[in-house]
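Asks: Any chance you can model this:
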Amino acid sequence: MPAHIEHLLTSGSFSLDGGTWNVDNNVWIVGDDDECVVIDAAHDVDAILQAVGDRKLVGILCTHAHDDHIGAVAGVKAAHTAPTYLHPDDMVLWDRVYPDAPPSRPLEDGQHIHVAGIDLDVLHTPGHSPGAVCFFAPALGTVFSGDTLFHGGPGATGRSFSDFPTIIESITGRLLTLPPSTVVLTGHGESTTIGEEAGHLAEWIARGH
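Replies: Here you go, the predicted structure:
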């Protein structure tokens, strides 16, 4: 089977700035029958390992380092010895979860992660967090947006290390420039498309965060 996308919904908690909330996270697996990557290893190690199966795990890709998105990284990495990828600007968040276990490799804007015959292009999209990234898969017509862009608007910017004008700049300059038909697979909630979200930019700016 050629490269395709698999979805897991995992549940757990998110903690920051003294608060804790129950959350459901989308975990995305991109690959074929032989190899794959995991995008955002959230909460449930066993479910992720079962989905990966006996395939080669090429990497664990982190859209950002909020604890709900990286909580299962250590367990998945221990089972597969796969490298973990994170943008360096999110180390301030990563170190709160894994102070003694840095990620294996840095992500940078314009980088390409190759898996199952396709590329995932790294787009640095700060705002929700300093090192937030999205992964654009042109061959699949899909962008994995993490918590940068959701169905209905930008990710939250009301907590530490986030900034509303920055996330709007990231979405405008890096995501809304993608083809309108591009499917947006998010870190939480339902999917959308670039075209569907582009028409609401003025509303987001007026609403603010």
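
Asks: thought D121 was touching E108?
Replies: No: contact criterion Cβ atoms under 8 Å: D121 and E108 do not qualify, at 11.4 Å. Any C-beta I mention is one placed from the backbone N, CA and C, and that applies to glycine too.

Asks: Give me the more crowded residue out of the two.
Replies: D121 (17 against 13; other Cβ atoms under 10 Å).

Asks: and the more buried one, what are its bridge partners?
Replies: Using DSSP bridges, the bridge partners assigned to D121 are H112, F136.

Asks: Return the residues in contact with it.
Replies: Listed by Cβ atoms under 8 Å, 6 or more residues apart in numbering, the contact set of D121 reads 110-112, 135-138.

Asks: In terms of pLDDT, where does it sit?
Replies: If you check D121, the pLDDT there is 98.

Asks: Quick check: the gap between it and N26.
Replies: 19 Å (Cβ to Cβ, to the nearest Å).

Asks: List the buried residues of stretch 183-203.
Replies: Buried positions in stretch 183-203, judged by neighbour count with 16 or more other Cβ atoms under 10 Å: 183-188, 192-194, 197.

Asks: Need the residues you listed in TSV (columns: distance to V38 and pLDDT).
Replies: Below are the buried residues of stretch 183-203 laid out as TSV (distance: Cβ to Cβ, whole Å; pLDDT from 0 to 100):
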residue	distance to V38	pLDDT
V183	19	98
V184	19	98
L185	13	99
T186	16	98
G187	13	98
H188	16	98
T192	22	98
T193	24	98
I194	24	98
E197	25	96
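
Asks: quick one: which two of those are the most distant?
Replies: H188 and I194 (18.0 Å; Cβ to Cβ).

Asks: picking that back up, take the buried residues of stretch 183-203 and keep only those in helices.
Replies: Secondary structure from DSSP state H places 194, 197 of these in helices.

Asks: of the buried residues of stretch 183-203, closest to F161?
Replies: Looking across the buried residues of stretch 183-203 and measuring by Cβ to Cβ, the closest to F161 is G187, at 16.0 Å.

Asks: The closest one against H151, yeah?
Replies: No: with contact defined as Cβ under 8 Å, G187 does not reach H151; the gap is 11.4 Å.

Asks: Hmm, C62 is touching D68, no?
Replies: No: applying Cβ under 8 Å as the test, C62 and D68 come out as separate, 11.5 Å apart.

Asks: Which of the three states applies to L57?
Replies: Following DSSP: H, G, I helix; E, B strand; the rest coil, we place L57 in the strand state.

Asks: And stretch 130-147, end to end?
Replies: 12 Å (Cα to Cα, to the nearest Å).

Asks: Might you list the low-confidence residue ranges for the chain?
Replies: By pLDDT under 70, the weakly predicted segments of the chain are 209.
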